[in-house]
Structure formats: structure tokens, C-alpha cells
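In: I need the structure of the sequence given here:
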Amino acid sequence: MQDHRAATTRYEAMTFRRCGRSGLDLPAVSLGLWHNFGAQDDAENARAIVRAAFDLGITHFDLANNYGPPPGSAEETLGALLRGDLRGHRDELVIATKAGYTMWPGPYGDWGSRKYLVASLDQSLRRLGVDYVDIFYHHRPDPRTPLEETMDALAHLVRSGRTLYVGLSNYPAELTRRAAALLREMGAPCLIHQGRYNLLDRGIEADLLPALAEEGIGGIAFSPLAQGLLTDRYLDGRIPADSRAAGTRGFLRPAHLTAQRVQLIAQLNDFARSRRQTLAQLALAWVLRHEVMASVLIGASRPSQVREAVSALRAPVLATDELAALDDLLARHGKDAP
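Out: All right, here's what the predicted structure looks like:
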């Protein structure tokens, strides 16, 4: 493997946004390693995607303990890149990982106990080959473990130096408020909340986004392209053989590509073209219109998708009348996101 020299222009194309009431800026576009970075994927393609991202100023890489497949292998992939192409750049990077879903057999390999969270992060650090991560999330609420125990475990991991910041993922608004209050009391304020948000799924607008703003927590949206629906891949209603909908990984299935949805995607694409954007670029700009949203989290199967996403940052801000037109279009089609 030849060493990669990072582009000296890497910070010229990227916009950075403050994450909540903290001192941390995040790139407006961040890279998620959920798909295409496991041991079963093409290692050279994964390497090319990460290199392209860093060369464009994407400094934030998002993982979880169970990303792969097999679980843990996405962290190992990034760990190899930290020893290779990204060697010498650790202090320029924000590395995030999570724990909360099933990772190993038995009662201690899932959910939100102190034992699971501490053990999981220790395993993640070994796979990544780093002394600490920048952000550690609890990946989902645990209905059986006291919230105080889960938050105390997160605060302990900050105090022990294993992570610089902590975050929440998939927490509803009221539980987010309770967790944030506990973390403040414990001296480890919640930095960030990761939730699903896109043009086809606006569920967090009513209560979670206001809660984040009031609590001083930054937002980061996962699935801003609705698992690829908000791209040009499905505009004609057909499912390409190499697409996510045709595969077995992720949540997008052929049944989600209804006639109503194909019509809506086509109209959204026409709207994007009127702004001289691709549909994907419009979708990302729409999510980033919220001040509380520190970043959007994209997935990629090839470097060109990363470049397209970053280019969305050059487009004019959506005007009030454009947002109203989009609201009307979405309202007429209703909600049926996967």
C-alpha cells in the first residue's frame, strides 16, 4: 500500500459548523462507515472513499461497534487507514463510535448497562488502534436499565479519558432532556444527538429539534438521503442490481419504491434541477437549513458520491418561498418513508 498525501487544499471546500454549546466544530458533511467498510467489502474501494473524504475536508468519521459485516470490522478498516493513509492526521480527525445494539452473546453484550458500555468502548479502541475516541454514543435507549446508570457510564468514560465527548442516538425528545440533565450534573454534557431525518421522514421536527436547541445539543442527521431514495438511482422506478434496495443490507426494500413515492422523488428532482442541483444535493441542503444541525451523515459506495455531497455546500441557501414550495409538495404526497 502506497502512502497517500492528503490534499493541501482539503479545508477550502468544507464548511464547519459549531456543535451545540461546545467548542467543537464539525464538517457540515460527515462520513458514516455503516456500509461498504466491513471485512466483506472491497478494501481498496473503502480506502478510496476515505481518502476522497479527507481530501475534501471531511474530518468526522462515524462508526459503531456493530458496523461491518462482521460486527467490528468497520472499526478495523478505519484502524488500518489510521495507520496508513491517515497516519499523522489523528489530531485533525473526529472519530465517533457507538454501543447499544447486540455485539456479543450473553446478557452483557447489548443495550445500556455500565458493564456493556465500558467493555464495548475498550474493544472499539483496540480495533481502531487509538487511545481515545472523540465522540462515544449510546446507540439506543435501554428500557430496562436505569437511565442514571447508562449516563453515569458515559460520564465515567469521559473522566477516564477513553472519549472526549458523549452523545445519544435514537433517543426521543423527553428522554433526551432527562439524559442531558443527568450528564450535565455528572460533568460530561451531551455534545450531540444522532437521529434519522430527511425529506421523507420529518418526525424529529416537532419535538426533538426544539429540545436539542434548548438543551444546547448539536444535531447530526443520519439517512439524510433516505437510504438512497433521494438520489438519481431510483428516478425511473427501477431498482438497479447494484443498489441498496436490491441488496440485503440496510432497511431499503423494493416494496418501499411505491408509485406514489416514485412520483414524489421525480417532482423533488425537478425542483432540484430548477436550482441547478442534483436531488441528493437538494436533500442535504434541506437538512442543513436548521441552525441546530451541525452536520449531515452520508454513506458512500464510491468516491464520486462524496464529492457530490460536498459540492452541495456551494449552493445558495434555500429561500423562504422555496421551503414553502417543498413543504406543500411533501404535504400533498403524505408520509411513507422507510
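In: list the buried residues in stretch 202-213.
Out: For stretch 202-213, the neighbour count (16 or more other C-beta atoms under 10 Å) marks Ile204, Leu208, Leu209, Ala211, Leu212 as buried. Bear in mind the C-beta positions are built from the backbone N, C-alpha and C, glycine included.
In: and for stretch 17-33?
Out: By neighbour count on 16+ other C-beta under 10 Å, the buried set for stretch 17-33 is 17, 19-20, 22, 24-33.
In: and if you look at stretch 152-166?
Out: Using 16+ other C-beta under 10 Å as the test for burial, stretch 152-166 gives Asp152, Ala153, Leu154, Ala155, Leu157, Val158, Arg162, Thr163, Leu164, Tyr165, Val166.
In: the fifth one and Leu330, how far apart?
Out: Distance of Leu157 to Leu330, given as C-beta to C-beta, to the nearest Å: 40 Å.
In: just the ones of the buried residues of stretch 152-166 in strands?
Out: The strands, defined by DSSP state E, take in Thr163, Leu164, Tyr165, Val166 from the buried residues of stretch 152-166.
In: okay, those residues in TSV with pLDDT and distance to Thr320 next?
Out: Formatted as TSV, these follow (pLDDT from 0 to 100; distance: C-beta to C-beta, whole Å):
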residue	pLDDT	distance to Thr320
Thr163	99	40
Leu164	98	38
Tyr165	98	34
Val166	99	36
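In: for those residues, work out which two are farthest apart.
Out: Leu164 and Val166 (8.8 Å; C-beta to C-beta).
In: against Arg87, how distant is the spatially most central residue of the chain?
Out: Taking C-alpha atoms, centre = their mean, the centroid of the chain lies closest to Leu297, which sits 3.3 Å from it. According to C-beta to C-beta, Leu297 stands 25 Å off from Arg87.
In: quick one on the thing from earlier: can you flag which of the buried residues of stretch 17-33 belong to strands?
Out: If you go by DSSP E, the buried residues of stretch 17-33 have Arg17, Asp25, Leu26, Pro27, Val29, Ser30, Leu31, Gly32 in strands.
In: so the fifth one bridges to which residues?
Out: Taking DSSP bridges, one finds Val296 as the beta-bridge partners of Val29.
In: what about the stretch 1-150 of the chain, any weak spots by pLDDT?
Out: 1-3 (pLDDT under 70).
In: Asp134: helix or strand, and which one exactly?
Out: Here Asp134 sits within strand 133-138, counting by DSSP states H and E.
In: Arg51 too?
Out: helix 43-55.
In: immediately after that helix, which helix or strand?
Out: strand 60-62.
In: and Pro224, how far is that from Leu199?
Out: Using C-beta to C-beta, Pro224 is found at 9 Å from Leu199.
In: more neighbours: the two, which one.
Out: Higher neighbour count among Pro224 and Leu199: Pro224, with 27 against 22, using other C-beta atoms under 10 Å.
In: mind checking what secondary structure the more buried one has?
Out: Following DSSP: H, G, I helix; E, B strand; the rest coil, we place Pro224 in the coil state.
In: my guess is it contacts Tyr197. True?
Out: Yes - between Pro224 and Tyr197 there is a contact under C-beta atoms under 8 Å: 6.7 Å.
In: mutual contacts of those two, please.
Out: By C-beta atoms under 8 Å, 6 or more residues apart in numbering, Pro224 and Tyr197 have these common neighbours: Val287.
In: burial count for the residue lying closest to Leu33 once chain neighbours are set aside?
Out: Distances taken as C-beta to C-beta, 6 or more residues apart in numbering place Ala74 nearest to Leu33, at 4.5 Å, with adjacent residues excluded. Counted with other C-beta under 10 Å, the neighbours of Ala74 add up to 31.
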